[in-house]
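Visitor: Turn this into a structure:
(3 chains)
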Amino acid sequence: MSADLVRVTVDEREVHVPKGTGIVETALAAGIEIPVFCYEPRLGPPVGACRMCLVEVDGMPKLQAGCTLTAQDGMVVRTARTSQQAAVGQNATLEFMLVSHPLDCPVCDKGGECPLQDLTFRYGPGNTRMRFEKTTFEKPITISPAISLDRERCILCYRCTRFSESISEDGQLVFANRGALSVVTTFEDEPYTGPFTGNVTELCPVGALLPTQYRFEARPWEIVNVPTVCGMCPVGCNTNATVREGKVKRILSRNHPEIDEGWICDKGRFGFTHLRSADRIVDPIKRVRLRGFEPVSWPDALDEAERLLRAAEGRIVVALSGSETVEHAYALAKLLRRGLHSHQATLPEPISHALDAYRLPLSAIRDAQVVVVLGDVPVEQRAPIVDLWIKAARRNGAKVLTELDEDAVRGADRAVLIWCGPGGDGGARVAALAERLGLAGKDGCGAFTIPATPNGRGVADAWAAASDEEAPDAETIGLLIVSGDEAAGDPNVRALAERAESVLAVSMFHGLAVGWADLVLPGTSYLERDGTYVNLEGRLQRLRRATSPPGPDELEWISQLASRFGVEVAPYAASVFAEVSAACYGGLSFGEVGEQAPLRVYAGAPAHVEAPPAAEPAAGGLRLVSYKPLFSGPAVERVPELQFQRPQAEVELSREDAQARGIANGQEVRVSSNGTSVSLRARVNKNLRHGVVRIASEHAGGLLGNVEVSA
Amino acid sequence: MSELRDEIEQVRRDYPAAAHSAVLPALRLAQEHYGWLSREAFEEVADALDLTPAYCMSVASFYDMFHLKPVGRHMVEVCTNVCCGLVNAQAVLEAFESELGVGPGETTADGEITLRAVECLGGCSTPTVVAVDRRYRQSVTPEQVPGIVEELRRV
Amino acid sequence: MSEVLVLAGAEESPLRDLAAYREAGGYLQLERARAMSPQAVTQELIESNLRGRGGAFFPMGRKASFIPTPDKVAKPIYLTVNADESEPGTFKDREIMLRVPHRVIEGCLIAAHAIQSKHVYIYVRGEYLAEYESLQAALGQARDAGILADVAIVIHRGAGAYICGEETALLESLEGKRGQPRSKPPFPAISGLYASPTLINNIETITTVPKVLEVGPAAYAEIGAPPDSTGTRVFCLSGNVKRPGAYELPHGITVRHLIEEVGGGVTEGRTLKAVMMGGSSFPVMTPGDLDTKLDADSLGKKGYFIGSGVVSVVDDKTCIVQFALRIAQFYMHESCGKCTPCRVGTRWLVQLLRAVEAGTASEQDLEVLLDVCDRIIGKCLCVLGDSAAMPVASCVTKFRDEFAAHLAQGGCPFGHDSTLDGLFAPVDQHAHVAVEV
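Guide: Here you go, the predicted model:
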């Protein structure tokens, strides 16, 4: 027995656990479940509030809360299984919880997957002795358009408010009043706003906090949870898509302890209803001279696509979104590069392998002593979960810096560099920095870049794997292929389209591509695809089709089209993946990617990275960082429950810069550059660097470069 | 910077280890300033102490002495716990009710006087204890109530 | 009359002036203590067996000895003084702050020296305005006279929450949070205010400290009812008694002596029905036990508690169901809401007692009432739940006939003649709040 282990007896079973292990975990090690409500280790230290986990401990006169008690050598614990006293305690807790809890399980969305229901069934009283008026509240109320609250069902476990206070640190969801009158609430009538609010609906152990989207949508026995990964940002949170009768009804987290720890953002959680958007394109749409645009059949559409591809005579440019699966991107690349010898593709930002020598799981951020976040784009706007890891690091005592402090990095045993912003060169800049600071090969040290796309790296890998050939860029563009909605919405791509003789677009929504493309093929969502994504850690993960797209998916029609050019592309993700994998993922098979993918290290990480030349900082004024907000883009725009989350018309200023200009928080200001000027509300952000101002791109108007802000 | 903000900065210094310890004193100052804890009051305290208004409201609502709704210019608080009750606090409370024409927890229509029943004020040897604008009056009898009310109406 | 220690010099009028306090020997013990090693001061407190006066009766010297020395911890050490006196029937701390504020300060400084703390917070109940002013004035005088030396004393005012008298709730409140108790361990001595070592003492305990040093620990340990209940106590006599008041007397006098000799007996024309003994949080005493001595041991043997030294006389004009109801209403109002049994149980108790009082309850309801008490006691996060259930259960078991009479008569046997009839409870003022938020 190791010196750190202690011997504990739980219900006459002896176990050895590390000293200090919680009794709930200790019992679990002995194969015994201690039921809990408020206990949730991810929320920080236990609070011992609900009293569900009461156990009897030899030598202690009173029952003890198993969640707050820790294992000591020789401890003898009796749970409700062997202790009458503990059984009464547990029964009492449930009886108290049910005193005011409505018996509306048949109409409660939580019914059937409700811990209170389950534990009452197993440990609770069969009858109520409460014959007086229950506590009643107005119900349900919406604490935001996305979340409803039924205060009568609330058992006051404090999970939601602890999440708000100590995980998302937004301090918006709180308890008001005291004692029996305590209620969960937000400030005044303000909605619960922020990237992570939806997590409280999963933390809630009863039907008090529920997603409005799921209200009366399904019962647990008619649903299937499809394990997949989110495709909304480069983190790739592991999720379950709840499907009923072929339709996605909600998205739940699926805890990957290295990636997301079971948290997901509201875009990933609530954004799925874009699948059913009213302007979803379900049939191919072709430009018809004089008659405008009209739906055509798939065979006609493929004929037309073939015609456009041939007519371009190799002068084809494909604008990729970075949200294609590896397989989809590879299929497209194989068709274009091998079938048409066309090698010109664009991605929204540069991709580099430079960081491969500095790979870490995201969870390593939490354990770092120094975290340097460079680039000035708010991390939670690009990769929300990464921000939670940074917050966790700060709570653990890490120094979180937004300016590089080389001595701090060098002096730390565990240091992490994060680039989030323009000019990162796909990670090359931060990799060069990591190399210079000696982070290579140091345990617990590493670097990340936060890409703008969910699968840019995977798409680039696939593109490269399809062919070794290269060809000079053509002078003219015969055909522009716009691959996906992000590309369709990108002004740079629109500019290319102006120069193209014809345009073939793949898009999910009418509003994006119809009107300027000659042929629009219906696009699919990540929830409709099988395949793989490579996330910002460089981790290969598996997407599973949760629901069928309205027509063939990209892989299917590309496969058909490719055969017309003598290129063989299987319409199955597994087969396509095998080809890519042989070239760049070490021959890993599709099945081996795994439901909870490990972070694999692949050969060929560059040992040395040349620092890319830095852009000359413009002189004078404040540097404008205009960023794409989390709650924006084609999917978000189509989700009613997310509209209140769209960014405010604000400009963020550092405290120093605001003070120097006599600007107070909340004040209306003018932001101007080169004759353009925009009126915005000032938000003073103490965490923002001096000399930088931030504006969500949709509010930045024509502002460029350096700006001046005046009251 | 506002006067209230200055005062909050001042009390903050009593808690060098953690500014959030100044929440209670800051809320008290804000309440003195605004008369009750209005939306603006919470926003100002939150801003001064780097907290959210929701947090400040959550804390304030836990404590009896903070008012989340407007109250009268004067406050009459009658102890109705057992020790005063044993010596007829109920009669004192009722005397205030009839004199003011409001029940406990209510404010006179002119917004002048709020009547509240409160738990033990720690004046058990001099029942009934009534806190008038926070100052204790001891051994108050129902007969004295009209005089107290008249006194308040005058100031 | 026996020796007065805590309130010495203030028997007639408050001793608030620094010069007058000095004349009465004030701050001499601080000087003496500062000349001693911290360990030696703690040792004297241990030898005196001075027990906590807030209700838990824990030996103060031992508690102080749990505080790690500064060389063992990287964090500051805090002394926190609990003056959040809110237990119904208790007014001794208020008297102390009003009458001997300098002795409070002196006690703080001696205790701070004993644990080598430079940071003292005195948490004064929010409603105590005059008391706060008295203490603040004394603190100003002491500061101006250089008495504080390098110790910072801050008087922190509460804002109206009984639960903040619970030591960990007090710490939460002092940290600017909702005053909800923490689960223990860790104990405050290891992880208290700002997760630093913290000694928490009741203000009467702290104010006794200079006197312990003055009379000497051995002599102090002889006073009262040794070995456990040493020294004097500022007893809080109230209720239906002729001369209520705060009386400082040695431990070990009988309840009867306090009520009859010191307090002049029960109010004219009435007889004693019960005593709220120790405070509202404990089982009520019945007349047969009046000869019990006021010390922890003697009371404990009969199932009573000395608590905060409360003796409140309940006379025969009082309906015991109304008494129990009003106590239950108090705890329902003051429950912080953190743990389930207390939050829900106190409300249920109020509902059951209301039904009994209204005569609409059944015999079975009485069983449920006792069972709800049972299901609260020993199962909550802190002692507030027990504090609600213990007195209520004691009323039911000790006055079962009176409870039964309510059921039999379909209402209160007193009609509307009970002293507590219709007594309004603040909790009913808030009934609407929850719905409106």
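Visitor: bridging residues for A:Ser507?
Guide: Per DSSP bridges, residues listed as beta-bridge partners of A:Ser507: A:Pro522.
Visitor: Okay, it and A:Lys247: tell me how far apart.
Guide: From A:Ser507 across to A:Lys247, the span is 21 Å (CB to CB, to the nearest Å). Yep, even glycine has a C-beta here, placed from its N, CA and C like the rest.
Visitor: Which of the two has more residues huddled nearby?
Guide: In this view A:Ser507 and A:Lys247 are compared by other CB atoms under 10 Å in any protein chain shown, and A:Ser507 has more residues nearby, 27 against 15.
Visitor: quick one: contacts for the more buried one?
Guide: Each residue near A:Ser507 by CB atoms under 8 Å, 6 or more residues apart in numbering or on different chains is listed here: A:281, A:482, A:484-485, A:488, A:513-514, A:517, A:520-523.
Visitor: I'd like to know if the lengthiest helix in chain C reaches chain B anywhere along the stretch.
Guide: Looking across chain C with DSSP state H, the single longest helix is helix C:340-358. No - for a cut-off given as CB under 8 Å from any CB of the partner chain, helix C:340-358 has no contacts with chain B; the smallest distance is 13.2 Å.
Visitor: What residues sit buried inside that helix?
Guide: Within helix C:340-358, the residues scored as buried using 16 or more other CB atoms under 10 Å in any protein chain shown are C:340-357.
Visitor: That helix near chain A at all?
Guide: Yes - part of helix C:340-358 sits near chain A under the criterion CB under 8 Å from any CB, namely C:340-341, C:343-348, C:351-352, C:355.
Visitor: State the mean pLDDT of that helix.
Guide: Within the predicted structure, the mean pLDDT of helix C:340-358 is 97.
Visitor: C:Gly411: neighbour count?
Guide: Applying other CB under 10 Å, we find 14 residues neighbouring C:Gly411.
Visitor: Wait, a strand at C:Met276?
Guide: Yes - remark: C:Met276 belongs to a strand, assigned using DSSP: H, G, I helix; E, B strand; the rest coil.
Visitor: For beta bridges, what are the partners of the nearest residue to it once chain neighbours are set aside?
Guide: With CB to CB, 6 or more residues apart in numbering or on different chains as the measure, C:Ser312 is the residue that lies nearest to C:Met276, at 3.9 Å, once sequence neighbours are left out. Per DSSP bridges, the residues bridged to C:Ser312 are C:Ser238, C:Met276.
Visitor: Now do the contacts for C:Ser312.
Guide: Each residue near C:Ser312 by CB under 8 Å, 6+ apart is listed here: B:82-83, B:86, B:124, C:88-89, C:236-239, C:275-276.
Visitor: Get me the contact residues on chain B for chain A.
Guide: B:39, B:42, B:47, B:50-55, B:57-58, B:61-62.
Visitor: Going by distance to A:Leu209, which of those wins?
Guide: Looking at the residues of chain B next to chain A and their distance to A:Leu209, the nearest is B:Ala54, at 15.7 Å (CB to CB).
Visitor: circling back to that earlier point, what's the longest helix of chain C packed up against?
Guide: helix A:84-99, helix C:320-334, helix C:363-376, helix C:384-398, helix C:400-409 (3 or more CB pairs under 8 Å, 6 or more residues apart in numbering or on different chains; DSSP states H and E).
Visitor: Chain B: which of those is closest?
Guide: Within these, the stretch nearest chain B is helix C:320-334; the backing value is 5.4 Å (CB to the nearest CB).
Visitor: buried residues in the closest one?
Guide: C:320-334.
Visitor: Contacts (any at all) between chain B and it?
Guide: Yes - Helix C:320-334 comes into contact with chain B (CB under 8 Å from any CB), by way of C:323, C:326-327, C:330, C:333-334.
Visitor: does chain A sit close to that helix?
Guide: Yes - residues of helix C:320-334 contacting chain A under CB under 8 Å from any CB: C:332-334.
Visitor: which residue sits closest to B:Ser139, ignoring its sequence neighbours?
Guide: Nearest residue to B:Ser139, sequence neighbours excluded (CB to CB, 6+ apart): B:Thr126, at 4.6 Å.
Visitor: Quick one: list the elements packing against the lowest-mean-pLDDT helix or strand in chain A.
Guide: Considering only helices and strands, the least confidently modelled element of chain A by mean pLDDT, DSSP states H and E is helix A:510-513, at a mean of 88. Helix A:510-513 sits against helix A:485-488, strand A:500-507, with contacts defined as 3+ CB pairs under 8 Å, 6+ apart.
Visitor: could you redo the last one with a cut-off of 10 Å?
Guide: In this structure, helix A:510-513 packs against helix A:485-488, strand A:500-507, strand A:519-522, with contacts taken as 3 or more CB pairs under 10 Å, 6 or more residues apart in numbering or on different chains; DSSP states H and E.
Visitor: List the backbone torsions phi and psi for residue 64.
Guide: No chain in the question, so chain A it is. A:Gln64 has phi and psi values of phi -120, psi 150 when expressed as degrees, to the nearest 10.
Visitor: nope, chain C please
Guide: The phi/psi pair for C:Ala64 (degrees, to the nearest 10) reads phi -60, psi -30.
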